[in-house]
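> This is the structure alone, sequence omitted:
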Ligand SMILES: [Mg+2]
């Protein structure tokens, strides 16, 4: 029997970066330090390493329901797989209440899933999960690149029975 699973994106799906978005006045600042002092910018990478993002509560509730129902939970994130960022991401997820996920899949670790664009990286990771015996009953993300545009027909590559789009009015990742 195939094993049920859900796939969750992280940024703006499981974790909210609202404090950093607010600090940067809704602009995007990728590099540079982040000390959250008034009238200073906060670099997103530095912010990620601080592990201070908050939980998006409805997603945490879904996570806990899945755990209760013995549904596997996989995070598939565009965050790159570097030791410091993996440690910070694990720490941040744990700190806000995500406990006992099955795998944290980060970008760049899997040589099969080439690092070319977010849509194909994430699709490739879902394909791998499907091929290892999981049925992805729900895929949740704030970007269409998390979900695949042809998700209505899993045979075309979404590898999920249902997709759920979380609103994100702040940024778009193609
Ligand atoms: Mg996201």
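Sure, I can see it. Quick caveat, the model's predicted, so the values are computed rather than measured.

> List the contacts of residue 36.
Counting by Cβ atoms under 8 Å, 6 or more residues apart in numbering, residue 36 makes contact with 19, 23, 42. (C-beta placed from N, C-alpha, C; glycine too.)

> Could you look up the SS state of the last one?
Three-state assignment for residue 42 (DSSP: H, G, I helix; E, B strand; the rest coil): coil.

> picking up where we left off before, TSV for the contacts of residue 36, including distance to residue 104?
Shown next, in TSV, are the contacts of residue 36 (distance: Cβ to Cβ, whole Å):
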residue	distance to residue 104
19	22
23	26
42	24
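
> near the ion, which residues of this protein?
The chain comes close to the ion at residues 9, 11, 12, 13, 142, as judged by Cβ under 5 Å from the ion.

> Contacts only, for the second one.
Right, residue 11. Contacts of residue 11 by Cβ under 8 Å, 6+ apart are 17, 53, 77, 78, 79, 142.

> low-scoring stretches of the protein, by residue?
1, 149-157 (pLDDT under 70).

> at 90 instead, please
Across the chain, residues meeting the criterion (pLDDT under 90) sit at 1-2, 114-117, 119-120, 144, 147-158, 173-174.

> how about the strands of it, start to end?
3-8, 15-16, 54-55, 72-80, 103-107, 134-141, 163-165 (DSSP state E).

> quick one on the thing from earlier: CSV please, covering the contacts of residue 36 and showing neighbour count.
Formatted as CSV, these follow (neighbours: other Cβ atoms under 10 Å):
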residue, neighbour count
19, 16
23, 21
42, 21
